[in-house]
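Visitor: The amino acid sequence is not available; the structure is as follows:
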Ligand SMILES: O=C(O)C(=O)C[C@H](O)[C@H](O)COP(=O)(O)O
């Protein structure tokens, strides 16, 4: 699966619909950086047992690509996306690995254009109206707001709702159980991303029960 893929490419409307579907399923998207290969399956299983079944696996560690590949092969019921995709080589690599969606922390014309020609939906990161307008002009209507708390949080989301009424966001960066509900109450928020359920001590200790509990507790705040 590369951007030279010969299958018909979905339209931007189809890609937005597919992003809407995985965000609605997720509500909370764990942003996962795998430090040890042995953690991949038990960590994904703990998140899933806590109700989080849409995972963003970052390329911040050497295990990112193999984690995407492995989860696609061995956990077909999960929805597995790639994060921290910074350039075209990474975009290509995560598609080859089977990523079902792609998230970038920011927006470059090169990445936005390449993803237009790809069957895999891209959720580009933005932090300003100008970033957003770069993608908007190419047809993008779904964005990651990053780093959400730093670039204005819910006040920024309310402000963006005026000029960009048809845009929806996945705020990520500084989201936690204390502000989660406030974010999810915004009409232009589809889901949030975060790392608070991935405490490194729990993971290093193999304390999967705490990962599961933290995931389930966060989802319970939204019911
Ligand atoms: O590396 C990327 O591409 C990212 O997406 C960064 C993550 O979104 C943040 O690291 C989430 O950060 P916190 O939830 O504040 O811990």
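Guide: Okay, I see it. For clarity, every value in this text was computed on a predicted model and none was experimentally measured. Residues are numbered from 1 along each chain as shown.
Visitor: interface residues of the chain facing the ligand?
Guide: Residues of the chain lying close to the ligand (C-beta under 6 Å from any ligand atom) are 31, 58, 60, 83-84, 105, 146, 172-175, 193-195. Quick note: C-beta positions are derived from backbone N, CA and C, even for glycine.
Visitor: so who does residue 121 touch?
Guide: Residues in contact with residue 121 (C-beta atoms under 8 Å, 6 or more residues apart in numbering) are 10, 15, 16, 18, 19, 101, 102, 115, 142.
Visitor: now it, nearest residue through space, not along the chain?
Guide: What sits nearest to residue 121 in space, not counting adjacent residues and going by C-beta to C-beta, 6 or more residues apart in numbering, is residue 15, at 4.0 Å.
Visitor: Give me the contact list for the helix or strand harbouring the one you found.
Guide: For residue 15, the host element (DSSP states H and E) is helix 12-26. Helix 12-26 is contacted from outside by 10, 29, 52-54, 79, 81, 100-101, 116, 121-123, 139-142, 168, 170, 190-191, using C-beta under 8 Å, 6+ apart.
Visitor: Mind checking the pLDDT average for it?
Guide: Mean per-residue pLDDT for helix 12-26: 93.
Visitor: What's the local residue count around the nearest residue to residue 54 once chain neighbours are set aside?
Guide: Of all residues not flanking residue 54 in the chain, residue 26 sits nearest, at 3.5 Å (C-beta to C-beta, 6+ apart). For residue 26, the count of nearby residues is 23 (other C-beta atoms under 10 Å).
Visitor: All the strands of this protein, residue numbers only.
Guide: Using DSSP state E, the strands of the chain run over 28-32, 54-58, 79-83, 101-103, 122-123, 125-126, 142-145, 168-171, 192-194.
Visitor: would you turn the ones you listed into CSV with mean neighbour count and distance to residue 182?
Guide: Shown next, in CSV, are those (neighbours: other C-beta atoms under 10 Å; distance: least, C-beta to C-beta, whole Å):
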stretch, mean neighbour count, distance to residue 182
strand 28-32, 26, 14
strand 54-58, 26, 21
strand 79-83, 26, 23
strand 101-103, 24, 22
strand 122-123, 28, 21
strand 125-126, 25, 20
strand 142-145, 28, 13
strand 168-171, 26, 10
strand 192-194, 25, 10
